[in-house]
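[1] The following comprises the amino acid sequence and a computationally predicted model.
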Amino acid sequence: MATQNLLVELLVEELPPKALNKLGGAFSAVLFESLKTQGLTADNSAVTAFATPRRLAAHITNVASKAVDKQVAQKLMPASVGLDASGNATPALIKRLQALGADESAVAKLRKENDGKADVLFFDAMQTGATLKDGLQASLDAALGALPIPKVMTYQLADGWESVNFVRPAHKLVALHGETIVPVTALGLASGNTTQGHRFLSKGKITLPNADSYEGLLHSEGKVIASFDKRKALIEKLLEEKRISRESDGVIKPDSLLEEVTALVEWPVVYECHFDKEFLEVPEECLILTMQTNQKYFPCTISDALTNRFLIVSNIETEDSSAIVGGNERVVRPRLADAKFFFDQDRKKTLLLMSYGLDKVIYHNALGSQRDRVERVQKITSSIISLSSYFSADKHLEANVDLAAKLAKADLLSDMVGEFPELQGIMGRYYTQHADFGDEIAFAIEDHYKPRFAGDGLPRNKTGVILALADKLETLVGLFSIGEKPTGDKDPFALRRHALGIIRILIECQLSVSLSDLIRGALQQFDVEATDRSNMIESIKYFCLDRLQANLREQSFTAQEVEAVLTRNTEFLRNTPKYLEAVRAFSTLPEAPALAAANKRVGNILKKVEGEVKAEVKTNLLTEPAEIALNEALSEVKPQADKLFESGDYTNSLKALAALKAPVDDFFDNVMVNADDVNLKNNRLALLNQLHQAMNRVADLSKLAS
């Protein structure tokens, strides 16, 4: 059947910018999938999504005007229910056939098949393919119903009587199959072949001669770049061209801001603006935040330092840009003036003075004020320092950490953080430096929130590492102690993020500290019954390990590799990445499957032993050639593997075990472990115990067995 390309466009008022890209993708995807399900698309059909502030559209290639008819088999009911003893149709069968548009004459044509339990009646019929008109209407309804709309609004239609619900008022609907208008409706609109371009730059109403003319005509006559991705790429190109022309080192352009600006314009044009240099006295984070968050501007830098230049993406193209530039410069000035005022006012107070007000700031009804929290963090830092010689060897460290903990939350009471909560920690660093407490403490105060998200950096110094650990432990353990645990996808206190932050610090800072000891030290600061402490420590520890497990799987390690490592290593986590790489390398060896299976078998044997297995193997009790050979191989391989393990070469430590495959296989083929002679049995168990210990120093290799 001949096919033509299809275009569907919904023209609306300005859509919410933060949701636009998702709306455009969802609209086109659901429309395409629905048409495909109805058999109206071809195997090589493709969909192109369009989304601008004022339109959602989809272009789909090779769409049929009518789906092909097809033979379908309708399962009716068991033959024992549909036919009586004489083989005549029962009332139930006749009623079912009537529901399918058939009558009693169809009984003779029914097919009987056994489904494995009983004979079942089937009705074979020719299903008429959907027409594009009906199919597109159903698809359009489905696409609009499935849009991830953040918030709907209700508005009246032109007749003044009817109302509809949608994200924004809709004004036009286009549905073109080739050159033909497909008569469908949506949101009180009937489809046509006309659309509108840019609000101010367009030449007027645009009549589309066919579905394929949409993107080109919108660009040439409507001054609209319909593709979201193409607009975004153009904005990046224009920003870069403006940077090069002004000899600037860089433009700060986070992807989130690029996405939002792309959703605000249909015809992007970049202009350069300036603000007064006096505002550069304000911390650049404040200036960047207010320009990006409030005004959607792109700050410029030279040698990584902020300049007084910024770029704007306008929706208006004009030869004289003075009005646009001047207007934006006037708008940003009071914003920057506010930031400067807050900064100046905050510096009139010391951070220490601000910290005294923390007792009036509630942290949690069940956990007290921010002052209570600070005091707990101070005590937890002392516990952390006592757990590691890496920390306790520094005689000035405890005093620095205690002062940093005391001041870490003080900037919550600053005017700047009150206006820009995203700057907590950052402003603490500036105010600490202003008070001449030194960079060690200042950086620790800024860094104690790190890592805040995936890919974020870690604290820059020991003081920051300890403070960050203590702060996250206080939050995690404290909220667990009052029953505020995450449930399902709900995690209002971001405890999963805090848990992963603790894990990342332990691993990436190579801290040889027990996870249970860290949790135990933090738990001492909370009112928890002594009988509940052990269970709570285990609960919090495995909550952290669960986050580590999920994170490692995201890094392409298999579930078996992760489980093998974390089964054996639940306390000291710093070598986890190295263990995983070693297990992955071991898994590629041809001997790995057999050794993993043997290790699993050994583990199962040892689990069934009552009492403690003897550690020493007595050579005079080794009677079978296979057990003698295994003992000799183990005596040779184990010292090599242990030496490599102690040197940190975990990969080759595991690889050394490959030499045990043949003697292990021979042992299980020819030696009865549970011998009648108790002495022989215990000696063989001791040999297996030594083998088990040698094979499982890095990871529990049995987890690799299929």
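    Cool, got the structure. Numbering: from 1, shown residues only.
[2] which outside residues touch stretch 313-324?
    198, 200-201, 223, 235, 238-239, 261, 264-271, 296, 298, 312 (Cβ atoms under 8 Å, 6 or more residues apart in numbering). All C-beta spots, glycine's among them, are computed from the backbone N, C-alpha and C.
[3] worst-scoring helix or strand of the chain, pLDDT-wise?
    Scoring the helices and strands of the chain by mean pLDDT, DSSP states H and E places helix 389-392 at the bottom, with a mean of 78.
[4] which stretches of the stretch 151-300 of the chain aren't confidently modelled?
    For the stretch 151-300 of the chain, applying pLDDT under 70 flags the ranges 247-248.
[5] Going by neighbour count, which residues in stretch 587-596 are buried?
    For stretch 587-596, a neighbour-count test (16 or more other Cβ atoms under 10 Å) marks 587, 591-592, 594-596 as buried.
[6] Next: stretch 209-228.
    Neighbour-count burial for stretch 209-228 [16+ other Cβ under 10 Å]: 211-215, 217-219, 221-228.
[7] Closest one of the residues you listed to Ala659?
    Phe228 (58.7 Å; Cβ to Cβ).
[8] about what we covered before: show me which of the contacts of stretch 313-324 are buried.
    If you count burial by 16+ other Cβ under 10 Å, the buried members of the contacts of stretch 313-324 come out as 198, 201, 223, 235, 238-239, 261, 264-271, 298, 312.
[9] Mark which of those are part of strands, please.
    Using DSSP state E to define strands, the subset of the buried ones among the contacts of stretch 313-324 located there is 269-271, 298, 312.
[10] State the pair within those residues that is farthest apart.
    Across these (Cβ to Cβ), the longest gap, 13.3 Å, separates Val269 and Phe298.
[11] just checking, Val325 touches Cys273?
    Yes - the criterion here is Cβ atoms under 8 Å, and Val325 meets it with Cys273 at 5.2 Å.
[12] Report the set of residues contacting both of these two.
    Joint contacts of Val325 and Cys273 (Cβ under 8 Å, 6+ apart) are Ile312.
[13] More neighbours: the two, which one.
    Higher neighbour count among Val325 and Cys273: Cys273, with 23 against 16, using other Cβ atoms under 10 Å.
[14] so what's that one bridging to?
    Counting by DSSP bridges, Cys273 is bridged to Phe310.
[15] show me what contacts it?
    By Cβ under 8 Å, 6+ apart, the residues touching Cys273 are 297, 309-312, 325, 328-329, 332.
[16] Likewise for Ala582?
    650-651, 653-654, 698-699 are the contacts of Ala582 under Cβ under 8 Å, 6+ apart.
[17] From Asp700, how far off is Phe668?
    As for Phe668, its distance to Asp700 is 19 Å (criterion: Cβ to Cβ, to the nearest Å).
[18] What of Asp456?
    Per Cβ to Cβ, Asp456 is found 32 Å from Asp700.
[19] Those two - which one has more neighbours?
    Per other Cβ under 10 Å, whichever of Asp456 and Asp700 has more neighbours is Asp700, with 21 against 12.
[20] I'd assumed Asn569 was in contact with that one.
    No - the pair Asp700 / Asn569 is not scored as a contact, 9.3 Å apart, by Cβ under 8 Å.
[21] The residue nearest to Gln378 when sequence neighbours are not counted: which element?
    Leaving aside its chain neighbours, Gln378 sits nearest to Ala405 (4.5 Å; criterion: Cβ to Cβ, 6 or more residues apart in numbering). If you go by DSSP states H and E, Ala405 is part of helix 397-407.
[22] Quick check: buried residues in that helix?
    Buried-residue list, helix 397-407, by 16+ other Cβ under 10 Å: 397-398, 400-407.
[23] cool, stretch 292-307 as well?
    Result for stretch 292-307 [16+ other Cβ under 10 Å]: buried residues 292, 295, 297-301, 306-307.
[24] Could you point out which of these is nearest to Gly188?
    Relative to Gly188, the closest of the buried residues of stretch 292-307 is Gln295; by Cβ to Cβ it sits at 36.5 Å.
[25] so what does the host helix or strand of Lys230 touch, helix or strand wise?
    Remark: Lys230 resides in helix 228-245, with elements defined by DSSP H and E. When contacts are defined as 3 or more Cβ pairs under 8 Å, 6 or more residues apart in numbering; DSSP states H and E, helix 228-245 packs onto helix 20-37, strand 47-52, strand 250-251, helix 255-262, strand 269-274, strand 305-314.
[26] can you do 7 Å?
    Applying 3 or more Cβ pairs under 7 Å, 6 or more residues apart in numbering; DSSP states H and E, one finds that helix 228-245 makes contact with strand 250-251, helix 255-262, strand 269-274, strand 305-314.
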